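J.: coords below, sequence missing:
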């Protein structure tokens, strides 16, 4: 693990990530020492740094990522997860950042979780979580470090549920705890609008672009959670786990089953080279 | 500074405060080695730990606070600020906490900022910030570590503004960046309802209880930011700075002035023993 290029696994308590969750992160799938969707991750991180006005040195960050990846043995074909955190660094007067911000860059390598490949093949059970997603158009879309909502929702999950679906306070589906969600509704591929809440995921973009460029643009709109009971297909995705079909969804009073349909398999197929 | 009773000023990067802002904090005014409103701070922290399901050992925490306060010289009559952070500790699988949580307790002592006493006497200029407060009834009221909203709002402040007023996405006044807000509207003492957003401050409670027990219960209701232009008094408060009169408020197209009125002075007066 590297912190600003130094091998260390701790952070000053004055760092604004500790004090305020004042930063951003990316989780990147590594396959045979290569980061997947790397340009997209960098582009999103750059854009979010700009929105939050965090001045990050991307040349140093890329060098540090290379250094961490070089620690993987060259014959190692296993997948890993790279986690990058960029914080606004230390200092300032309370919430107000210091006049000159020196961002903190953290680059960590994790092993790849067991069971992810199995979930992609068999599909998963998902659960509707009651904890709502916070609503704020000024933060929507970004993968920032204020993630209490996801923590609270994950604590609701029963043992059989591999993912939880989260709504805003108006019961509009926003996202999975760690994924984005697509449903086929009335024959149309559909995904929630993320203008008010949620993370605009890399894999979500990949899926959106694929279907758009193949003449079947995805309907991006507010989706009431109740609409999912009528879905002919349901899947969740992110850039690390790829696409997981949802074969069963548990809600407060109901359990709904879904087949693994052609849209889901097509979304998975477009990733066959990388997953 | 103590971390779980040990003198150290760093935290493992795996701590969930770093990764997710998964924790709570309190800032306590210390006067002559004595924490003010200590029972109220403890009660709020206990209640929030319960809501977030963070198992904190309060006996150890109180002993650590005593230890940190004993580092203040006995003849030192200066004010200090004690900051307590309680996190959900390290570990877990992504957002999901580990089966057995070992919370992290951080106790820090800071010097008291210059200018706070002056602001209480002269009043301050405040500014309406455009960054909205996130809306989420499941997190409302708590002083949790997801504070990006406050950071972003504080970056809007001009040099003359000592505090920023924040609204939700419907332009309802919620709070100051680091304070709660009271206004006298149509002769009635009024403060925003915090059911959807905002921190339920200790000093806010003290003020609410005072006026309630003196036959003038405060009207706690949604307040549109536009209503403030008709206020006869406006003040902000928290348990560290006490009560600051707002004598001028800058909004997008307008500057409004307010006198320092009898309600504001009464709120300050009830604190004369401690501030």
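T.: Right, received. Where do you want to start? Remember, predicted model here, so these are calculated numbers, not experimental data. Numbers count the residues shown, from 1 in each chain, chains lettered A, B, ... in the order given.
J.: quick check: residue A:111 vs chain B, distance?
T.: Using CB to the nearest CB, to the nearest Å, one gets 12 Å for the distance from residue A:111 to chain B. No exception for glycine: its C-beta is placed from N, CA and C like everyone else's.
J.: list the contacts of that residue.
T.: A:78, A:80-81 (CB atoms under 8 Å, 6 or more residues apart in numbering or on different chains).
J.: likewise residue A:163?
T.: A:124, A:126-127, A:157, A:176-179, A:236, A:244, A:246.
J.: how does chain A divide into domains?
T.: Listed by automatic domain parsing, the domain ranges of chain A are A:2-112, A:117-269.
J.: most neighbours per residue, which of the ones you listed?
T.: Among these, domain A:117-269 has the highest mean neighbour count (mean count of other CB atoms under 10 Å in any protein chain shown), at a mean of 19.
J.: how far does that domain sit from its chain's centre?
T.: In terms of CA atoms, centre = their mean, to the nearest Å, the centre of domain A:117-269 is found 11 Å from the chain centre.
J.: for residue A:271, which non-adjacent residue is closest in space?
T.: Spatial nearest neighbour of residue A:271, excluding adjacent residues (CB to CB, 6 or more residues apart in numbering or on different chains): residue A:242 at 5.2 Å.
J.: pLDDT wise, what is whatever residue of the stretch 1-150 of chain A ends up closest to chain B at?
T.: Relative to chain B, the nearest point of the stretch 1-150 of chain A is residue A:21 (2.9 Å; CB to the nearest CB). We have a pLDDT of 98 for residue A:21.
J.: ok now do the closest residue to chain B within the stretch 151-275 of chain A, which residues does it touch?
T.: Relative to chain B, the nearest point of the stretch 151-275 of chain A is residue A:154 (4.1 Å; CB to the nearest CB). By CB under 8 Å, 6+ apart, the contact set of residue A:154 is A:164, A:177, B:94-97.
J.: quick revisit: would TSV of the domains of chain A with distance to residue B:70 be doable?
T.: Listed next are the domains of chain A as TSV, based on distance: least, CB to CB, whole Å:
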stretch	distance to residue B:70
domain A:2-112	20
domain A:117-269	33
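J.: which stretches in the stretch 151-275 of chain A count as strands?
T.: Secondary structure of the stretch 151-275 of chain A by DSSP state E, counting those that start in this stretch: the strands cover A:163-167, A:172-176, A:180-185, A:188-192, A:219-221, A:223-224, A:233-238, A:242-251, A:254-257.
J.: which one of those lies nearest to residue A:61?
T.: Across these, residue A:61 has its closest neighbour in strand A:233-238 (21.1 Å, CB to CB).
J.: wait, doesn't residue A:65 sit right on residue A:33?
T.: No - with contact defined as CB atoms under 8 Å, residue A:65 does not count as touching residue A:33 (11.0 Å).
J.: who does residue A:110 bridge with?
T.: Beta-bridge pairing of residue A:110 under DSSP bridges involves residue A:81.
J.: tell me which residues touch it, please.
T.: Counting by CB under 8 Å, 6+ apart, residue A:110 touches A:80-83.
J.: quick check: closest non-adjacent residue to residue A:46.
T.: Leaving aside its sequence neighbours, residue A:46 sits nearest to residue A:58 (CB to CB, 6+ apart; 6.6 Å).
J.: do you know the pLDDT at that neighbour?
T.: On pLDDT, residue A:58 comes in at 98.
J.: my guess is it contacts residue A:43. True?
T.: No - in this structure residue A:58 lies outside contact range of residue A:43 using CB under 8 Å: 10.6 Å.
J.: so where does residue A:106 fall, helix or strand?
T.: Assigned by DSSP states H and E, residue A:106 falls within strand A:104-111.
J.: check the offset of that strand from the chain's centre.
T.: Remark: strand A:104-111 is offset 16 Å from the chain centroid, using CA atoms, centre = their mean.
J.: list of residues touching the helix or strand just after that strand?
T.: Moving toward the C-terminus from strand A:104-111, the next helix or strand (DSSP H and E) is helix A:116-122. Residues outside helix A:116-122 that contact it (CB under 8 Å, 6+ apart): A:162, A:240-245, A:247, A:268, A:275.
J.: I'd like the average pLDDT over helix A:116-122.
T.: Mean pLDDT, helix A:116-122: 94.
J.: give the other helices and strands that the helix or strand following that helix contacts.
T.: As assigned by DSSP H and E, the chain's next helix or strand after helix A:116-122 is strand A:124-128. Judged by 3 or more CB pairs under 8 Å, 6 or more residues apart in numbering or on different chains; DSSP states H and E, the packing partners of strand A:124-128 are strand A:163-167, strand A:233-238, strand A:242-251.
J.: returning to that earlier point: rank the strands of the stretch 151-275 of chain A by pLDDT, which is bottom?
T.: Across the strands of the stretch 151-275 of chain A, strand A:254-257 has the smallest mean pLDDT, namely a mean of 93.
J.: listing partners with orientation, what would you give for it?
T.: As defined by DSSP bridges, the strand partners of strand A:254-257 come to strand A:242-251 (antiparallel).
J.: go ahead and confirm residue A:177 touches residue A:153.
T.: Yes - under the criterion of CB under 8 Å, residue A:177 makes contact with residue A:153 at 5.1 Å.
J.: shared neighbours, these two?
T.: Taking CB under 8 Å, 6+ apart as the criterion, residue A:177 and residue A:153 both touch A:129, A:164, A:166, B:95.
J.: surely residue A:149 touches residue A:168?
T.: No - under the criterion of CB under 8 Å, residue A:149 is not in contact with residue A:168, lying 10.3 Å apart.
J.: what sits against residue A:28?
T.: Taking CB under 8 Å, 6+ apart, one finds A:35-38, A:41, A:81-84, A:239-240 in contact with residue A:28.
J.: now swap in residue A:32 and tell me
T.: So residue A:32 contacts A:76-77 (CB under 8 Å, 6+ apart).
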